Every structure is written in structure tokens, then in C-alpha cells.
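Visitor: no letters, just coordinates:
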């Protein structure tokens, strides 16, 4: 994961995600740098697609398959933590620092006989701050 400059002054003291009840975020191209989420000190990056066994859209399959990705997440200038998320298998979401991160979509959809280059992948994530009382229980 590549580093990104501080989102705003005092980033270490701010809540990682305090702007909305949830945020939908799309990250494209695993080789790109981290993306700062507007209004917060949260940084996201798309590490790579570890597995893509999803059923091609132009084929009939007995199982939908799975896409497994690595997402990098950090608060402020803190270290980046790797999260492994799946499209079909568990975990599809994980809790990190009081935020539930859910993988909603891995694109593009596969087609039979066509390899997808890593740089063409994108993920759509949902980020949800958890209630303070829940954060206290999972700490």
C-alpha cells in the first residue's frame, strides 16, 4: 500500500469516520495510491484481487463462485491494516476501529475465457460507524 499525505491537521485525534451513518465508496485499480475519504481521516486502498472464481456472466454455473480481495485501511497517518473480504464466502464484512467495512461488489463481472487484469478491477464498499456501546464491547 502506498502512503498518502495527512487528510487534515489533527488527523490522529479525529474520529476515523464521523461524517455519515454509512458511506458507499468505490476504489479502482489495485496499483493506485490510497484514497482519502472526504470529511474524515480514513484512508482506503485496494490491495489486490486474491481470487476470482465468480461464475462468468455468459455461462451457467452450479455455484456463484467467490471474489476475494485485500483492502487497506488506515486512520490519519497511522499504519495501514489489510482486510480480506469476499463477495460470497465469509467474511463479507469486518469491523475495524469501530467501523464495519462491507464488500458490496467486485467489478467487472468475469466472462468465459477472458482474464481480467488486476488494474481493471474495482470494488464498492460500505463503511458504517458502529454505535459507541458496540465499540466498547468489541475493544
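Guide: Noted; the coordinates are in hand. What you see is a predicted model; the values in this text were computed from it and never measured.

Visitor: so residue 41 sits against residue 76, correct?
Guide: Yes. Using C-beta atoms under 8 Å, residue 41 makes contact with residue 76 at a distance of 4.5 Å. The way it works is simple: take the backbone N, C-alpha and C, and place the C-beta from them, glycine included.

Visitor: distance of residue 55 relative to residue 117?
Guide: Look at residue 55 and residue 117: by C-beta to C-beta, to the nearest Å, they are 20 Å apart.

Visitor: of those two, who's got more company?
Guide: Higher neighbour count among residue 55 and residue 117: residue 55, with 17 against 10, using other C-beta atoms under 10 Å.

Visitor: I'd say the more buried one and residue 66 touch.
Guide: No. At 9.9 Å, residue 55 does not count as touching residue 66 under the criterion of C-beta under 8 Å.

Visitor: look at the nearest residue in space to residue 57 that is not next to it in sequence and report its pLDDT.
Guide: The shortest distance from residue 57 to any non-neighbouring residue, by C-beta to C-beta, 6 or more residues apart in numbering, is to residue 109 (4.6 Å). Per-residue pLDDT puts residue 109 at 95.

Visitor: and for residue 124?
Guide: Taking residue 124 on its own, its pLDDT is 86.

Visitor: contacting residues around the closest residue to residue 112 other than its chain neighbours?
Guide: With C-beta to C-beta, 6+ apart as the criterion, residue 112 has its nearest non-adjacent residue at 4.3 Å, and that residue is residue 56. Going by C-beta atoms under 8 Å, 6 or more residues apart in numbering, residue 56 touches 109, 110, 111, 112.

Visitor: wait, the last one sits on residue 61?
Guide: What that stands for is residue 112. No. Residue 112 is beyond contact range of residue 61, at 10.2 Å (criterion: C-beta under 8 Å).
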